[in-house]
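Enquirer: coords please:
(one chain, ligands or ions: 1)
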Amino acid sequence: MGIIHVKESNQRYSSLSLFSFCPFSTHSMEKNSLKMVSGAFYIPKDRMYNPKGEDAHFICKEKQTVGVADGVGRWIEKGVDSGLYARKLMSNFAAALGNYPTMENNQNIDLKKVLQKAYSKTDNEGSSTTCILTLRENSLHAANVGDSGFMLIRDRAEFYKSPIQIKGFNVPYQLGKSADKPSVAQISTLPVQRGDVVILGTDGLFDNLFTSDIQNLVNLLSGAQPGQVARAVAEHAYYNSIDKLAATPFAKASFADGRVHYGGKKDDITVIVSFII
Ligand SMILES: [Mn+2]
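Expert: The predicted structure follows:
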């Protein structure tokens with residue numbers, strides 16, 4: 001089993017359940033291929049009663065792969081903590097990556113197959129959205145289910161934002177025994193280049209910060225480490241989430257759907273920032 005580093009901080013916003021692990025040794029990678037250097041920050045919504053929240057994530061440096069999952073909160077009505085499902089899905093995914101040879105063998109990681117394997121081993125109740133990214137040669141490969149997602153900043157400007165998969169307002173596609181199967185995952189490929197910045201997050205990020213806000217923050221923080229950028233982005237999303245008047249993507253989407261909602265949306269917020277170097 002892999003080493004799990006749980007980082008905790010004395011700050012107001014803990015990074016509980018922030019883990020970065022991979023059950024494999026480090027391999028040297030090809031000299032000229034691009035690499036992804038990542039850092040994460042997690043702010044759970046309810047730090048009193050469910051301190052781990054319902055989001056989960058992993059960073060697997062050795063396989064150049066990162067992922068987030070967001071357990072669907074509605075399960076609590078049935079007494080089920082979807083956070084368990086999300087955490088198990090992410091650790092099963094990281095474990096399933098172990099079946100792939102090292103990068104220098106130039107083997108392709110089939111994200112859908114890995115997702116299928118992780119899904120089949122996640123046998124508890126609950127359901128979760130997920131978005132997983134892997135860097136292979138000079139392209140970022142993504143597998144997405146639901147309304148987690150990622151954006152890419154190139155030359156200080158928004159270059160790409162992944163589409164979300166929803167069935168209706170605030171009802172995302174989701175993986176689960178009694179929910180969607182990995183076959184619904186949207187698979188996409190995006191060529192990347194040195195200097196690109198990738199921001200992967202759950203809906204707690206993208207519902208509370210416009211991509212233009214994220215872009216501005218990332219630009220302000222040029223020179224910082226990925227983990228520091230992730231933290232700043234997550235904290236800004238958090239401020240908006242508790243602000244009853246902030247202009248947010250969630251308020252905008254609510255109005256577009258004929259609902260009245262001002263301000264942010266209280267939610268777990270997970271941010272992974274990856275620098276392409
Ligand atoms: Mn969420």
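Enquirer: What parts of this protein come near the ion?
Expert: 70, 202-204, 267 (Cβ under 5 Å from the ion). The C-beta positions use only the backbone N, C-alpha and C, and glycine is treated the same way.
Enquirer: Mind checking which of these are buried?
Expert: Buried residues within the residues of the chain next to the ion, counting neighbours by 16 or more other Cβ atoms under 10 Å: 70, 202-204, 267.
Enquirer: Leaving out sequence neighbours, find the closest residue to Arg74.
Expert: Ser82 (8.0 Å; Cβ to Cβ, 6 or more residues apart in numbering).
Enquirer: let me fix that: Phe210
Expert: Closest residue to Phe210 apart from its sequence neighbours, by Cβ to Cβ, 6+ apart: Pro249 at 5.7 Å.
Enquirer: how much space between the one you found and Val114?
Expert: 30 Å (Cβ to Cβ, to the nearest Å).
Enquirer: Compare neighbour counts for those two and give me the winner.
Expert: Val114 (26 against 19; other Cβ atoms under 10 Å).
Enquirer: How confident is the prediction for the more buried one, by pLDDT?
Expert: On the pLDDT scale, Val114 is placed at 95.
Enquirer: thinking again about what came up before, closest to Val171 out of the residues of the chain next to the ion?
Expert: Distance to Val171 across those (Cβ to Cβ) is lowest for Asp203, with 11.5 Å.
Enquirer: Now for the residue nearest the centre of the chain: which residues touch it?
Expert: What sits nearest the mean C-alpha location of the chain, by Cα atoms, centre = their mean, is Val68, with 3.0 Å. When contacts are counted by Cβ atoms under 8 Å, 6 or more residues apart in numbering, Val68 touches 55-57, 90, 130-132, 148, 200-202, 270, 272.
Enquirer: Relative to the ion, which of those is nearest.
Expert: Nearest to the ion among the contacts of Val68, counting by Cβ to the ion, is Thr202 at 4.8 Å.
Enquirer: my read: that closest one touches Ser148, true?
Expert: Yes: judged on Cβ atoms under 8 Å, Thr202 makes contact with Ser148 at a distance of 4.8 Å.
Enquirer: what touches both of those two?
Expert: 68-70, 129.
Enquirer: For the ion, give me its nearest residue in the stretch 51-200 of the chain.
Expert: Asp70 (4.3 Å).
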